[in-house]
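Undergrad: Prediction below, plus the sequence it came from.
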Amino acid sequence: MAKDTPPRWDRRMQQRLARGEAAALGELYDRFASLVHSQAHRMLDDESAADLVTREVFAHVWENPDAYDPKQGSMRAWVARLTHRQSVRRLRDAEPSPFSRVYEDGGENDGGEAADSAARQELEERVRRATASARADYIVASMPAPLRAALELAYIQRRDYRQTAADLGVTEAEARRRLRLGLQLLSTAAARPLEGSSPPGYGQTL
């Protein structure tokens with residue numbers, strides 16, 4: 001199989017969705033819903049908004065299965081890209097414009113443009129921070145299961161490498177190796193420009 005060829009599951013899933021198989025959507029949801037919701041919640045910091053984005057993403061997938069382009073990567077990357085775009089839209093739509101508020105309040109527009117520019121810069125910074133957080137989530141979720149499990153034990157459950165080894169049923173040397181590889185993946189991705197270490201579409205202006 002060529003390196004850029006999507007897994008067989010991805011191709012079959014797209015075909016099933018295109019045929020309108022409701023069971024296919026359920027299977028896709030079971031596989032990716034937690035990824036979508038956690039990514040949306042990290043970006044929006046709002047449980048209700050994350051729930052809504054999750055519904056919107058899977059509705060879009062159901063209605064537009066042919067929009068998935070296997071040449072652009074896996075279906076996981078496509079779903080993550082949809083989640084990112086929808087979350088950024090909501091983040092930007094929810095931010096009021098101080099420039100608009102000046103006119104709504106009947107005030108002068110002196111300083112309005114400057115305030116609006118500052119607000120836009122602040123919003124774009126929030127978008128960049130949220131995108132970086134979502135990218136980290138995506139990288140961890142995309143890691144091989146052994147590396148992901150080791151990182152979760154060590155950095156979420158605060159286990160040392162000996163406890164991690166015991167929980168995973170591996171040697172201490174193997175636990176250290178998995179932790180080291182997982183951290184290398186994260187640090188390498190974090191050092192790259194946003195577009196270079198993310199699924200296609202991350203960090204792009206919408």
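TA: Nice, thanks for sending it over. Numbers count the residues shown, from 1 in each chain.
Undergrad: hey, let's count contacts and neighbours off CA atoms from now on
TA: Will do.
Undergrad: ok, which stretches of this protein are helices?
TA: 8-18, 22-44, 47-63, 75-93, 98-104, 112-142, 145-151, 161-168, 172-190 (DSSP state H).
Undergrad: Buried ones in the second one, by neighbour count?
TA: So that's helix 22-44. Within helix 22-44, the residues that count as buried by 16 or more other C-alpha atoms under 10 Å are 24-25, 28-29, 32-33, 35-44.
Undergrad: would you turn the helices of the chain into a markdown table with mean pLDDT and distance to Asp69?
TA: Putting the helices of the chain into a markdown table (pLDDT from 0 to 100; distance: least, C-alpha to C-alpha, whole Å) gives the following:
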| stretch | mean pLDDT | distance to Asp69 |
| --- | --- | --- |
| helix 8-18 | 91 | 10 |
| helix 22-44 | 89 | 16 |
| helix 47-63 | 93 | 12 |
| helix 75-93 | 87 | 8 |
| helix 98-104 | 43 | 39 |
| helix 112-142 | 67 | 19 |
| helix 145-151 | 84 | 26 |
| helix 161-168 | 90 | 37 |
| helix 172-190 | 81 | 24 |
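Undergrad: winner for burial among these?
TA: By mean neighbour count, with neighbours taken as mean count of other C-alpha atoms under 10 Å, helix 75-93 ranks first of the helices of the chain at a mean of 20.
Undergrad: which helices and strands does it pack with?
TA: helix 22-44, helix 47-63, helix 112-142 (3 or more C-alpha pairs under 8 Å, 6 or more residues apart in numbering; DSSP states H and E).
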